[in-house]
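**Q** below: sequence and its predicted model.
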Amino acid sequence: MLLQGMTETLAQIKSQARLAATTIRKTAHLEMRASAPLDLATHNFPVQPKIGQQIVSAFFPYQSEIDTRPLLGKLAGDGWTTCLPIVVVPGLPLEFRRWLPGAPTIPGVWNIPRPTEDAELVEPDVLIIPLLSFDRSGYRLGYGGGFYDRTLEKLRAKKNIIAIGVGYSAQEVDHVPAGDHDQPLDYVMTENEVLAFKF
């Protein structure tokens, strides 16, 4: 019972944190949605493509998420194979299909654009991940669905996976509430800087 109570408390803390973080991100998005994606793409990407590590996944911007398409286009030009995530079934890890900015899409879950069914299924080596907030310990606050945590857990059990959280600098907080199942980030990229974490 004590463990159950602790879990419920963490869930409540995360829920409250999501409300505050969503408001902050919306404000940042309104102020910087035009400039920040381009600034993000000017940073030196913290990982270089190489044999066995050359597939990178980003995300199609949803609501007030920072737009990663300029960064993804730059990475494709640098030799990366680029792809987008797809929600297959709630509660299961994501799958990924090849995609380049400007390529056709179809509506996915929540009407988020996703690659077409004939796009090649791939397994990324680097995941660029959306977030509501992040801290300098390398943790992110997500939306609560656990898609990326489950996906990272699955992929990290198989190979060396790099997780890069991407967002606006205004989304930084002192502490992200995290539990045992929350997967840490290796890096965070904002329009201002690239942060590296070691675990």
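**A** Yes, it's here.
**Q** residue contacts, residue 100?
**A** 72-73, 76, 82 (C-beta atoms under 8 Å, 6 or more residues apart in numbering). For every residue, glycine as well, the C-beta is placed using N, CA and C.
**Q** of those residues, keep whichever come out buried.
**A** 72-73, 82 (16 or more other C-beta atoms under 10 Å).
**Q** neighbours of the residue nearest to residue 39 when sequence neighbours are not counted, just the number please.
**A** Nearest residue to residue 39, sequence neighbours excluded (C-beta to C-beta, 6 or more residues apart in numbering): residue 191, at 3.9 Å. Residues near residue 191, counting by other C-beta atoms under 10 Å, number 21.
**Q** surely residue 191 meets residue 169?
**A** Yes. Assessed by C-beta atoms under 8 Å, residue 191 is found in contact with residue 169 at 6.1 Å.
**Q** what residue is smack in the middle of this protein?
**A** residue 129 (0.8 Å; C-alpha atoms, centre = their mean).
**Q** for that residue, list the residues it contacts.
**A** Residue 129 makes contact with 59, 140, 142, 148, 163-166, 185, according to C-beta under 8 Å, 6+ apart.
**Q** lowest mean pLDDT among the helices and strands, pick that one out for this protein.
**A** Using mean pLDDT, DSSP states H and E, helix 2-32 stands out as the lowest-scoring helix or strand of the chain, at a mean of 85.
**Q** which strands or helices does that helix pack on?
**A** Other helices and strands packing on helix 2-32, by 3 or more C-beta pairs under 8 Å, 6 or more residues apart in numbering; DSSP states H and E, are strand 133-134, strand 140-141.
**Q** pLDDT of the first one, averaged?
**A** If you average the pLDDT over strand 133-134, you get 98.
**Q** also the last one?
**A** Confidence over strand 140-141, taken as the mean pLDDT, stands at 97.
**Q** neighbouring strands - and their directions - for it?
**A** strand 133-134 (antiparallel) (DSSP bridges).
**Q** list the contacts for residue 41?
**A** With contact taken as C-beta under 8 Å, 6+ apart, residue 41 is in contact with 70-71, 73-74.
**Q** rerun at 6 Å
**A** Counting by C-beta atoms under 6 Å, 6 or more residues apart in numbering, residue 41 makes contact with 70-71, 74.
**Q** residue 195 now?
**A** Residues in contact with residue 195, defined by C-beta under 6 Å, 6+ apart, are residue 188.
**Q** mind listing the residues bridging to it?
**A** Taking DSSP bridges, one obtains residue 188 as the residues bridged to residue 195.
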